[in-house]
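In: sequence? don't have it. structure:
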């Protein structure tokens, strides 16, 4: 389905006047979609994390230019600056939670792993899972307690209580997701040494992909050899380090081409390409479309 240009949506979810403070909002999914359908069905990005629990209903949800089919009890995990949009249905039953990173993560806590590459923002796994049956009552109880706390006039400890409920919700979902992946996916989500090393590499790519670093330079930052880095990525996700770097550059190019006001040359410059024509060739090599053709395919 053709979509309009991507917009950044923040103002009707979280308080933009206090971007440096912990923030948390919960919505009834059906009411949210009826109220915000015009924005929600268009490709858009947020500056905060979004958790979407489709409790009842089947349909499609698109994340970073890929469309995923889902059934009852599907949960999607949307990280800041990921492009996503809903289909045009409004009859879903479910919950939508928005929170910024400050709300959940402080002082490099273990929860940062959930946010960065276990549940959210891992480009090498689906941005969703189906929890099936068995833990809905537990998750519903957390949601009920969250709503009660939000309505409470008591302010002492409110943020801490909400944070604990959200963390518990995410841990329950992660347990269910890990249980499913043990039988269906070659990629373990356990926090072993190799997995953590892969996370560090993904973090380094996010921080440096516009700088044109070589695989050898990334390996040095990880304090390992280029061969060890290649073995790591091949074993964990079946890709070379170079492929992962190229894919991150292309994803950012796609996002900028759609939701920014930059022209094609400016997008290339933003990503470290000094020659606009080389950027066009590079983009077409990895997507089969020129940047202009890609823009037209989305608009």
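Out: Yep, it's here. Note that the coordinates shown come from a computational prediction; the quantities given were computed from them, not determined experimentally. Numbering: from 1, shown residues only.

In: Can you give me the buried ones in the helix or strand where residue 103 lies?
Out: Assigned by DSSP states H and E, residue 103 belongs to helix 101-104. Buried residues in helix 101-104, defined by neighbour count with 16 or more other Cβ atoms under 10 Å: 101, 103-104. No exception for glycine: its C-beta is placed from N, CA and C like everyone else's.

In: Give me the mean pLDDT for the lengthiest helix in the chain.
Out: In the chain, assigned by DSSP state H, the helix with the most residues is helix 158-184. Helix 158-184 comes out with an average pLDDT of 84.

In: what residue ranges in the stretch 1-150 of the chain score low on pLDDT?
Out: Residues of the stretch 1-150 of the chain meeting the criterion pLDDT under 70: 1-22, 106-117.

In: Please enumerate the strands of it.
Out: Counting by DSSP state E, counting those that start in this stretch, the stretch 1-150 of the chain has strands at residues 7-8, 24-28, 44-45, 49-56, 59-63, 66-70, 74-78, 84-86, 93-99, 128-130.

In: These: which one's closest to residue 143?
Out: Taking Cβ to Cβ, strand 93-99 is the member of those nearest to residue 143, at 5.7 Å.

In: The closest one: partners in the sheet, and parallel or antiparallel?
Out: Strand pairing for strand 93-99, using DSSP bridges, gives strand 24-28 (antiparallel), strand 49-56 (antiparallel).

In: Present the strands of the stretch 1-150 of the chain as TSV; the columns should include mean neighbour count and distance to residue 280.
Out: Below are the strands of the stretch 1-150 of the chain laid out as TSV (neighbours: other Cβ atoms under 10 Å; distance: least, Cβ to Cβ, whole Å):
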stretch	mean neighbour count	distance to residue 280
strand 7-8	12	25
strand 24-28	17	41
strand 44-45	20	24
strand 49-56	21	33
strand 59-63	17	25
strand 66-70	13	23
strand 74-78	24	30
strand 84-86	22	27
strand 93-99	20	37
strand 128-130	19	33
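
In: export those strands to JSON lines and tack on distance to residue 119?
Out: Formatted as JSON lines, those follow (distance: least, Cβ to Cβ, whole Å):
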{"stretch": "strand 7-8", "distance to residue 119": "22"}
{"stretch": "strand 24-28", "distance to residue 119": "17"}
{"stretch": "strand 44-45", "distance to residue 119": "18"}
{"stretch": "strand 49-56", "distance to residue 119": "8"}
{"stretch": "strand 59-63", "distance to residue 119": "13"}
{"stretch": "strand 66-70", "distance to residue 119": "15"}
{"stretch": "strand 74-78", "distance to residue 119": "5"}
{"stretch": "strand 84-86", "distance to residue 119": "15"}
{"stretch": "strand 93-99", "distance to residue 119": "12"}
{"stretch": "strand 128-130", "distance to residue 119": "8"}
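
In: So which residues of this structure form helices?
Out: Using DSSP H, helices in the chain cover 29-40, 101-104, 111-113, 136-151, 158-184, 193-208, 215-221, 226-237, 241-259, 264-270, 276-287, 291-298.

In: List the contacts of the fourth one.
Out: This means helix 136-151. 26, 53, 55, 73, 95, 131, 158, 161-162, 165-166, 168-169, 172-173 (Cβ atoms under 8 Å, 6 or more residues apart in numbering).

In: which of the residues you listed are buried?
Out: By 16+ other Cβ under 10 Å, the contacts of helix 136-151 give 26, 53, 55, 73, 95, 131, 161-162, 165-166, 169, 173 as buried.

In: Closest one of the residues you listed to residue 297?
Out: residue 53 (30.4 Å).

In: just to revisit the earlier point, is it possible to get TSV of the strands paired with strand 93-99 that adds distance to residue 283?
Out: TSV is the format used below for the strands paired with strand 93-99 (distance: least, Cβ to Cβ, whole Å):
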stretch	distance to residue 283
strand 24-28	36
strand 49-56	28
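
In: Of all those, which one comes closest to residue 121?
Out: The nearest among those, by Cβ to Cβ, is strand 49-56 at 8.8 Å.

In: distance between the closest one and the chain's centre?
Out: 13 Å (Cα atoms, centre = their mean, to the nearest Å).

In: ok, residues contacting it?
Out: Contacts of strand 49-56 (Cβ under 8 Å, 6+ apart): 29, 61, 70, 72-80, 84, 92-101, 104, 115, 120, 136, 139, 170.
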